[in-house]
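Asks: how would this look folded up:
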Amino acid sequence: MSDTETQTPSENTGAEPGAEAVAEAGDKQTLQEMAAAAAAGGGRNIDALLNVRLDVRVVLGRSRMPISELLELSKGSVIELDRKVGDPVDIMINDRMVARGDLVKVNGDHIGVALREIVKDFIPEA
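Replies: Now for the predicted structure:
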């Protein structure tokens, strides 16, 4: 099935919508077990999705360089990024930007991100 095609609930063979994504994400439950649990709960239970792991990244900035410069990098080298100090960082989930925020110090030596804005329909720059 292509990315542009969709299934109606009747074509989904009784499985909960998104159950395939949960199974592909490495969840230990089988697709049949999730379908049975969804059928028992009326097919509207979102709890099956709560354990799906997502790739979350915080992007400080980007840089482009030729391979020759990359090979010259060593401990202590500085890579200049396309952002200034104080600019917001991008929060990416599964390679899609969903928010921007500011870096903050949390619990001593840890760094966190304080969300500044949620990006609804981000269209990447060409």
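
Asks: switch to C-alpha atoms for all contacts and neighbour counts from now on
Replies: Noted.

Asks: can you give me the strands for the protein?
Replies: Assigned by DSSP state E, the strands in the chain fall at 56-59, 89-93, 96-106, 110-118.

Asks: export the shortest one as PDB, just CAs?
Replies: So the one you mean is strand 56-59. Coordinates of the C-alpha atoms in strand 56-59 are reproduced here as PDB (Å, rounded to 0.1, in the frame of the first residue of the first chain):
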ATOM      1  CA  VAL A  56      13.600  12.700  19.900                       C
ATOM      2  CA  ARG A  57      16.400  15.000  18.900                       C
ATOM      3  CA  VAL A  58      17.300  18.500  19.900                       C
ATOM      4  CA  VAL A  59      19.100  20.300  17.100                       C
END
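
Asks: so which of the strands of the chain is the most packed in?
Replies: When the strands of the chain are scored by mean count of other C-alpha atoms under 10 Å, the highest mean neighbour count falls to strand 89-93 (a mean of 19).

Asks: in TSV: the strands of the chain, plus mean pLDDT and distance to S74.
Replies: Listed next are the strands of the chain as TSV, based on pLDDT from 0 to 100; distance: least, C-alpha to C-alpha, whole Å:
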stretch	mean pLDDT	distance to S74
strand 56-59	92	22
strand 89-93	93	25
strand 96-106	92	26
strand 110-118	92	24
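
Asks: reformat those as CSV; add distance to P66.
Replies: Formatted as CSV, those follow (distance: least, C-alpha to C-alpha, whole Å):
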stretch, distance to P66
strand 56-59, 21
strand 89-93, 24
strand 96-106, 26
strand 110-118, 30
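
Asks: could you check how far L70 is from A114?
Replies: As for L70, its distance to A114 is 32 Å (criterion: C-alpha to C-alpha, to the nearest Å).

Asks: and for M65?
Replies: On the measure of C-alpha to C-alpha, M65 and A114 end up 30 Å apart.

Asks: over to N51?
Replies: Counting by C-alpha to C-alpha - N51 and A114 are separated by 24 Å.
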